[in-house]
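Asker: the following block contains a protein sequence and its predicted model.
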Amino acid sequence: MRCELCEFDNPKGTASAVIIKDGKLLVLKRDEEPYRGSWDLPGGYMQRGEHPEETIKREIREELSSDCEATYIGVFPGTATFNGKDFAVLSHAFLVSLKNDITLNKENSVYEWQRVMDITSIAFDSNQDILKFVKEKFFTDIEAVKELIPQLDSSAVIDEQRYYRAILNGYVSKKIVNGKLVGMGWIFPRETLIRKQAVIEDMIVHESARGKGYGKEIVLDLLRWAKENGMEVVELTSGSHRVPANKLYQKVDFKLHPTNHYLYKVNESR
């Protein structure tokens, strides 16, 4: 009896974890075919009725014996093999933060934290595309970020996972000179009931690199992103004591908007 449904080349759903710590990516060495002996990302196939986020959390418990938090990155199509036959897969990638120490199951023999830019091959073509995304989007000198941001706010504590989530939620413009991060700024969309707008935050240039026009380059790059993504208005807030920064914003046509700027500290309010 002919099965028409079986002839459709629909992709099977999978989920893959991007786990980064101290700028290094967690990879596992496979103990099973296909790709036995190759490095792989944690993850696996979705089960019937399972949401992709449920899949990645289940797979992390099974493969690494850890609970986790997961932030959606995107979908990456690819192929897999079973009994010598190739079939399509649709991999849902998540930025994952582990809550417990790692204990491997029998599916993988070894795990390593590897520098992202040093990884040249990884199992499965969908994972190869995820790795390419990570190299392009996430790779930076996290220690340089930790050195830079306190010059904007001395009380700031840099959370590495929050930095990666910020990248997913908007766009980070980075100024790199002679291989060193000397400046950065973040813009993110905030659509309201009346307009499509964006907010610039965390604008900073290293104190040793100020006065060279790097701040203006970063701001113009952020405004480019805003225009390309259809934003109608871009807003930012700058302390009145930051005289050079305020002059820069006015120079690139930001207008001072009269308003009362309030802050409510959730954990400190009565």
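Answerer: Arrived safely.
Asker: what comes into contact with the worst-scoring helix or strand of the chain on mean pLDDT?
Answerer: The helix or strand of the chain with the lowest confidence, counting by mean pLDDT, DSSP states H and E, is helix 142-148 at a mean of 89. Helix 142-148 is contacted from outside by D22, G23, I158, E160, Y163, K180, L181, V182, G183, M184, I204, H206, using Cβ atoms under 8 Å, 6 or more residues apart in numbering. All C-beta atoms are positioned from the backbone trio N, CA, C, and that covers glycine.
Asker: any idea which helix or strand comes after that helix?
Answerer: Going down the chain from helix 142-148, the next helix or strand is helix 160-169, by DSSP states H and E.
Asker: give the buried residues for that next one.
Answerer: Using 16 or more other Cβ atoms under 10 Å as the test for burial, helix 160-169 gives Y163, Y164, A166, I167.
Asker: give me the below-cutoff pLDDT ranges for this protein.
Answerer: 1-7, 269-270 (pLDDT under 70).
Asker: could you list the domains of it?
Answerer: Using automatic domain parsing, the domain parsing of the chain gives 5-137, 142-251.
Asker: could you report the distance from the residue nearest the centre of the chain to F8?
Answerer: What sits nearest the mean C-alpha location of the chain, by Cα atoms, centre = their mean, is Y164, with 3.9 Å. The gap separating Y164 from F8 is 36 Å, by Cβ to Cβ, to the nearest Å.
Asker: list the buried residues for the longest helix along the chain?
Answerer: Using DSSP state H to define each element, the chain has its longest helix at helix 214-228. Within helix 214-228, the residues scored as buried using 16+ other Cβ under 10 Å are Y214, G215, I218, V219, D221, L222, L223, W225, A226.
Asker: contacting residues around it?
Answerer: Residues outside helix 214-228 that contact it (Cβ under 8 Å, 6+ apart): 171, 173, 175, 177, 182-187, 198, 200, 203, 205, 234, 244-245, 248-249, 251-252.
Asker: returning to that earlier point: out of the domains of the chain, flag the one nearest P258.
Answerer: Taking Cβ to Cβ, domain 142-251 is the member of those nearest to P258, at 13.0 Å.
Asker: doesn't G13 lie inside a helix?
Answerer: No: assigned with DSSP: H, G, I helix; E, B strand; the rest coil, G13 falls outside any helix and is strand.
Asker: my guess is it contacts M46. True?
Answerer: Yes: between G13 and M46 there is a contact under Cβ atoms under 8 Å: 3.8 Å.
Asker: any common contacting residues for those two?
Answerer: Residues touching both G13 and M46 (Cβ under 8 Å, 6+ apart) are P52, T55.
Asker: which one of the contacts of helix 142-148 sits closest to H257?
Answerer: Closest to H257 out of the contacts of helix 142-148 is I204 (21.9 Å), distances taken as Cβ to Cβ.
Asker: which SSE is D253 in?
Answerer: Going by DSSP H and E, D253 is not part of any helix or strand.
Asker: burial count for it?
Answerer: D253 has 7 neighbours, counted by other Cβ atoms under 10 Å.
Asker: what about it, distance to L223?
Answerer: Going from D253 to L223 by Cβ to Cβ gives 9 Å.
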